[in-house]
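> no sequence on this one, just coordinates:
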């Protein structure tokens, strides 16, 4: 792992201390926002690089009611679907309400229940569920989820959820003062759902399995094929494309034993594509070890606009019929730092690239624009992805 502070030139550090504390902090954040990936290649287990086709989780979703809240439930006037759900549930239980009855409840909340059905899940197995408010309930703390069917994408019910919620937050309010810690409208029930239906799984056809690489790469697929054939014999594995690898298990292994041995193989993946990931919201820049930089010149300058607004009260004279008028007086200041042209030498490894970018002394947001310009000029030898 490279030592980032050592990559910042001494002249840049001197300039940082001469400037104001705000500019210095921004420049330091720009330098520290570059996350470095280790350049050491190492072998990985095949189970970390690929998955077996057909072995997957399935998403489940359901709509239900949470009861027993301490006055923090949905406001039924603004969420009519909560009242409709209560009336429908009571009718299913044989309770009919008089026509025109208006329910004013504060201890009930309409919620969405979600969970994941793992591969090979069997009836009777327990699942964790997440319960999220879909109305205007203030808190789900202390509530109990009523029996809720969880359905898959095909509309079939695969699990039933019910139980007491655990909310990882707390809140209180009194006399217009309110405080809250963490989120109160989402809770979780550990082992709160029971599997009622198993998903048919047929991971092999005629004894043939398919491996799917998590990241499509022809070089890695070829390395996986060589490793599998070296372990289990020729023609055991063959690459169909850059992602799918067809596996024909030898007759000396049972299906489960072969898959266990296959997943435990160590494979050194090929070097990934050069890529720079830029987060426009936080100003973070992450690059992998294959990023290189061609020599280029960058001109950079900062422009700061400051607007100060002060209220001005105009009072009328004594015994006059005038009125008091409140106005505002604004002052606009524009500070522009002189730009300078910085020559960035080409770098063949990640440390050289980080050293060159730190020499610019830009803020995180400025660094995003500089990277885009360098990519357009052909100096940045990497794919630039903005998230």
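Arrived safely. Everything numeric in this text was worked out from a predicted model, so none of it was measured.

> Helices of this structure, start to end?
10-18, 21-32, 46-49, 80-92, 218-232, 255-263, 350-358, 364-377 (DSSP state H).

> The ones you listed: lowest mean pLDDT?
Ranked by mean pLDDT, the helices of the chain bottom out at helix 21-32, with a mean of 37.

> Show me which residues of stretch 368-385 are buried.
Neighbour counts over stretch 368-385 (16 or more other CB atoms under 10 Å) mark 368, 370-371, 374, 379-382, 384 as buried. Every residue, glycine included, has its C-beta placed from N, CA and C.

> will you turn these into CSV that also has distance to residue 270?
Formatted as CSV, those follow (distance: CB to CB, whole Å):
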residue, distance to residue 270
368, 29
370, 30
371, 25
374, 26
379, 25
380, 22
381, 17
382, 16
384, 21
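
> which of those lies closest to residue 272?
Proximity of the buried residues of stretch 368-385 to residue 272 (CB to CB) peaks at residue 382, which lies at 10.8 Å.

> Name the helix or strand of the protein that has the lowest mean pLDDT.
Least confident element among the helices and strands of the chain, by mean pLDDT, DSSP states H and E: helix 21-32 (a mean of 37).

> So residue 208 is in contact with residue 246, correct?
Yes: if you go by CB atoms under 8 Å, residue 208 and residue 246 touch, sitting 6.1 Å apart.

> For those two, work out which one has more neighbours and name it.
residue 246 (15 against 10; other CB atoms under 10 Å).

> which residue packs closest to that one, ignoring adjacent ones?
Closest residue in space to residue 246, ignoring its immediate chain neighbours: residue 238 at 5.2 Å, by CB to CB, 6 or more residues apart in numbering.

> again with residue 108
Residue 108 sits nearest to residue 73 (CB to CB, 6+ apart), 4.8 Å away.

> Wait, the one you found touches residue 104, no?
No: using CB under 8 Å, residue 73 makes no contact with residue 104, being 10.9 Å away.

> any idea how far residue 326 is from residue 312?
7 Å (CB to CB, to the nearest Å).

> oh sorry, the question was meant for residue 106
Taken as CB to CB, the span from residue 106 to residue 326 is 42 Å.

> Please say which of the two ends up with more neighbours.
More crowded of residue 106 and residue 326, by other CB under 10 Å: residue 106, with 15 against 8.

> which one is that one nearest to, not counting chain neighbours?
Nearest in space to residue 106, with sequence neighbours left out and distances taken as CB to CB, 6+ apart, is residue 71 at 4.7 Å.

> and what of residue 104?
Residue 104 sits nearest to residue 76 (CB to CB, 6+ apart), 6.1 Å away.

> Tally up the residues packed near the one you found, please.
Residue 76: 21 neighbours (other CB under 10 Å).

> For it, give me its contacts.
With contacts defined as CB atoms under 8 Å, 6 or more residues apart in numbering, residue 76 is in contact with 82-83, 103-105, 108.

> and if we set it to 7 Å?
82-83, 103-105 (CB atoms under 7 Å, 6 or more residues apart in numbering).

> pretty sure residue 327 is in contact with residue 310, am I right?
No: Residue 327 is beyond contact range of residue 310, at 9.9 Å (criterion: CB atoms under 7 Å).

> Could you report the neighbour count for residue 101?
9.

> So it versus residue 95, what's the distance?
According to CB to CB, residue 101 and residue 95 sit 11 Å apart.

> what's around the closest residue to residue 79 other than its chain neighbours, how many residues?
Once flanking residues are discounted, residue 79 sits nearest to residue 135: 4.0 Å by CB to CB, 6+ apart. Using other CB under 10 Å, residue 135 is surrounded by 18 other residues.

> Do you know the pLDDT at residue 135?
On the pLDDT scale, residue 135 is placed at 89.

> List the contacts of it.
74, 79, 82, 109-110.

> if you look at the residues you listed, which of them are in strands?
Using DSSP state E, the members of the contacts of residue 135 that fall in strands are 109-110.

> Can you pick out the most distant pair from the contacts of residue 135?
Greatest spatial distance in the contacts of residue 135: 79 and 109, 8.6 Å, computed using CB to CB.

> Between those two, which is the more surrounded one?
Neighbours were counted for residue 79 and for residue 109 using other CB under 10 Å; residue 109 has more, 29 against 20.

> Report the separation between the closest residue to the more buried one other than its chain neighbours and residue 63.
Closest residue in space to residue 109, ignoring its immediate chain neighbours: residue 137 at 3.8 Å, by CB to CB, 6+ apart. For residue 137, the distance to residue 63 (CB to CB) stands at 14 Å.

> neighbour count winner among the two?
Legend: neighbour count by other CB under 10 Å for residue 137 and residue 63, higher for residue 137 (24 against 15).

> contacting residues around that one?
69, 72-74, 109, 185.

> Of these, which is the nearest to residue 144?
Of these, the one sitting nearest to residue 144 (CB to CB) turns out to be residue 69, at 9.1 Å.

> Tell me, how many residues neighbour that closest one?
A count of nearby residues for residue 69, using other CB under 10 Å, gives 22.

> So that it lines up with my notes, have the first residue be 240 from now on.
All right, first residue 240 from here; so that's residue 308.

> just checking, it touches residue 377?
No: if you go by CB under 7 Å, residue 308 and residue 377 don't touch, sitting 8.6 Å apart.

> burial count for residue 354?
Residue neighbour count, defined by other CB under 10 Å, stands at 24 for residue 354.

> So what pairs up with it in the strands?
Beta-bridge pairing of residue 354 under DSSP bridges involves residue 299.

> who are the neighbours in contact with it?
299, 366-369, 389, 398, 432.

> Now restrict the residues you listed to buried residues only.
Among the contacts of residue 354, those buried by neighbour count (16+ other CB under 10 Å) are 299, 366, 368-369, 389, 398, 432.

> ok, those vs residue 590, which is closest?
residue 369 (42.7 Å).
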